[in-house]
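J.: Could you look at this predicted model? Sequence included:
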Amino acid sequence: MKSHAYSYLRMSTDLQLKGDSRRRQLEASRAYAEANGLELAEGAELEDIGISAFKGDNVREGALGKFLEAIRSGKVKPGSYLIVESLDRLSRQQVLAAQGLFLSIVQSGINLVTLTDAKVYKAGEVDLADLIMSLVIMSRAHEESATKSRRIAAAWKNKRTQAAAVRKPMTEWCPAWLRLLPDRSGYEEIPQRVEIIRQIFNDTAEGVGMYSIASRLNKTNVATFGDSNGWHQSYLAKILANRAVLGEFQPHIRLDGKRVPHGDPVQDYYPVIIDEELFYRAQLGKAQRLNHGRGRKGAAFTNLFSGLLKCDYCDSAVLFENKGTGAKGGTYLICDGAKRKRECPSIRWRYQDFEASFLAFVEEIDIESVVNERAHQEELGKLDRELAALNGELLSVNDLMEKTYALLAHGGAVAFVSAKLGELDARKKELSEQINVTSQERQEILSRAQRYRGSKEEIRQLVAKLQGPNDDDLFKLRAQIASQLKVLIDGVWVGSLGVKPRLLAAIERLQGDGPRRAKEIAHMVRAAHLPDQSHRYFAVRFHDGSVRGVYPSDSDPLRLRQQIVATESLGFQVSDS
C-alpha cells in the first residue's frame, strides 16, 4: 500500500498566486509523489495564501496549523509525507520557533520533503547534519524576512512623513467616495457618491435610523460603492464613523498582529465633504438611537418618545404597545412593570392622546418652528444644531479616550498615551462648558420671546398634521421632532392614574413610624381621596434642569387642566386652563 503524501503550498500574496507560484509548487509535489511511489492527496492540498510565516500566522490560524492538529488527533497517520518547496515555506520565524516546528513534525512520525534540494527528513531519523542544515536554512529565511520587514516599515514611515508634511498620497487606496488624481498629486471627489454620503449624514442627524436609510437606498436602487448586494446598516455605520469625510487620514501600524492608530491624524489629507457640525450632529443622532431608539420605526416614525419615558410610580420604562385593529385595538403607552404584573398600579394611556398633549403643551419643544417654519426657527435652529454638534463631539471625545486607554494594553508608549489623554480631557472640559453656555442662551431666547402658540384650532390642525397619513415627508418631519426631543430632554415621567398612587405608597411607608406621623398620614389620606389627585399627568425634565408638569384633560387631550413649571431662575409657576 502506498504511503500518503500531503502538499503544503504557501504564498505570501495574491500576486504570487496569479503568477506561477501555485502551479509550480503543486506540479513539483505531484512529480515527486509519482517518482517515489506516494499517493498524493489530490484536492486536499494544504494552502496558506497571503498568510505570514514570518509571524507564525500559518501555524496559529492557517492550513499548516490544522494539519498539525490532524497529526495530533491521528487523522494523519505516522509514516505519511509532507511535501514543501523549501523549509522557508513552513516558517520564517526566529530560529528557535522555526526549529521547534520542524522537530514537532518529524517527531510525530511524519516524513518531511523539501523539493528545492530533494532532501527527505525521515521521521525519527534526523541526524546532526540534518539539524544543522535545517537551522542554517531557517535562520537565513528569518533574516531575509526581517530585513524585508524593516525595509517595508521604513518605506511606510517615509510615506507617513510625506503625507503629514506635504499631503502626498501614500497609496492609491482611498475612501470609496474619492479617487486618486491621474498625476497622483491628491484625491478628487466622485460627485454622485459624495452626494449619497451627505444625504446619509443629513438623515442621521435628523433622527432617521440606519435601517430606514438602508431601506430607502435599496428601494430607490441607489448603487453601492462596491460588490455588495445592497446597502446594509453595518456599512452605513462605518461611513458615519469614518473621519475621512472631514479630510482626516489616520496612519496605522501593526502591533502584535493588530492594526492600531499611530500618531496624530493628518488634517486636510483628503477633500473635506462633511463639515464638523453635521458630522457631530450625526454622531449624536446615531448614539441616541442606539441608547433610546433601537428598532424599526414604522412608516411614520410611530413613537416619538422611544427610550425617554419612565413610570412615575415604579420607575420602569414606559413602552409603546400596538394592540392592532378592532374595538380594543390601537396604540398605547404601558409601564413595563405593570405589563409584567410587577405590582405597579399604572394603566395604559392611548398613545395619540399622550402625543397630542405633549406637542400642544410642552412649550420648550419648538414644534411649530419645525412644522410651520416660524420666524424664530433660524435662531433657535442654529442653537439646536450647535447643541447637537457639541454633544456629538463630546461622545466622540469620550470614545477616543476609551480607545487611548486601550492602547496601553497593547503596549502603546506611556508618554504618548498620557499626552493624548491630557489633550482629550482638556477638550472634554471645553465642550462641557460650551454646552452649558449654549443651553443657557437657548433658554434665554425662549424666555424673552413672546411665543405664539396659536389658537386651539390651530394646535389641533398641527397635531392632526403630525398624526396624519403616512408618507416620506411625514416620516422625516417626525424624525426631526424625535431628534429634537432627545437633544433637549433628560426624561419624561408618566403618571397615568394621577398623584393618588404615589400618595398611597407614601402613606404605607409612613405608617411604620407610629403616632409621631399620625397627623401627616391623616392629611395625606384626605389629599389622596380628592378628585383632582386622580387625573393623569406627565412631567418633563430637561437637560438644563428645568421641569414642566402637564395635567391634560381626561376627555380632550388638547385641553389643559393645569401645568407646573419649575426653573432655577423663576422657581415654581402654576397655571390652570
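T.: Alright, I've got the coordinates.
J.: tell me the pLDDT at Met133?
T.: Listed pLDDT for Met133 reads 63.
J.: export the host helix or strand of Leu359 as PDB, just CAs?
T.: According to DSSP states H and E, Leu359 maps onto helix 351-361. What follows is helix 351-361, C-alpha atoms only, in PDB (Å, rounded to 0.1, in the frame of the first residue of the first chain):
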ATOM      1  CA  TYR A 351     -50.500  57.000  22.500                       C
ATOM      2  CA  GLN A 352     -52.200  59.500  20.200                       C
ATOM      3  CA  ASP A 353     -53.700  61.300  23.200                       C
ATOM      4  CA  PHE A 354     -50.400  61.500  25.000                       C
ATOM      5  CA  GLU A 355     -48.500  62.700  21.900                       C
ATOM      6  CA  ALA A 356     -51.200  65.400  21.200                       C
ATOM      7  CA  SER A 357     -51.000  66.700  24.800                       C
ATOM      8  CA  PHE A 358     -47.200  66.700  24.700                       C
ATOM      9  CA  LEU A 359     -46.900  68.500  21.400                       C
ATOM     10  CA  ALA A 360     -49.600  71.000  22.400                       C
ATOM     11  CA  PHE A 361     -48.400  72.000  25.900                       C
END
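J.: And it, what's buried?
T.: Neighbour counts over helix 351-361 (16 or more other C-beta atoms under 10 Å) mark Tyr351, Asp353, Phe354, Glu355, Ala356, Ser357, Phe358, Leu359, Ala360, Phe361 as buried. To be clear about C-beta, it is placed using only N, CA and C from the backbone, and glycine gets the same treatment.
J.: Tell me which other helices or strands that helix touches.
T.: Under the contact criterion of 3 or more C-beta pairs under 8 Å, 6 or more residues apart in numbering; DSSP states H and E, helix 351-361 touches strand 331-335, helix 456-466, strand 537-542, strand 547-552, strand 560-567.
J.: can you put the ones you listed in JSON lines and add distance to Gly285?
T.: JSON lines is the format used below for the helices and strands packed on helix 351-361 (distance: least, C-beta to C-beta, whole Å):
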{"stretch": "strand 331-335", "distance to Gly285": "23"}
{"stretch": "helix 456-466", "distance to Gly285": "19"}
{"stretch": "strand 537-542", "distance to Gly285": "19"}
{"stretch": "strand 547-552", "distance to Gly285": "24"}
{"stretch": "strand 560-567", "distance to Gly285": "27"}
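J.: Out of the ones you listed, which gets the lowest mean score?
T.: helix 456-466 - the lowest mean pLDDT of those, at a mean of 74.
J.: first vs last residue of stretch 227-241, how far apart are they?
T.: In stretch 227-241, first residue to last residue: 21 Å (C-alpha to C-alpha, to the nearest Å).
J.: Show me which positions of it end up buried.
T.: Buried residues in stretch 227-241, counted by 16+ other C-beta under 10 Å: Trp231, His232, Tyr235, Leu236, Ile239, Leu240.
J.: so is the first one in a helix, a strand, or just coil?
T.: When the structure is split into helix, strand and coil by DSSP: H, G, I helix; E, B strand; the rest coil, Trp231 lands in coil.
J.: Wait, it touches Ala223, no?
T.: No - using C-beta atoms under 8 Å as the test, Trp231 is too far from Ala223 to be in contact (9.7 Å).
J.: quick one, phi psi at Phe225?
T.: phi -90, psi 0 (degrees, to the nearest 10).
J.: Numbering from 59 from now on, please.
T.: Okay, using 59 as the starting number, the last item reads as Phe283.
J.: All good on my end, thank you.
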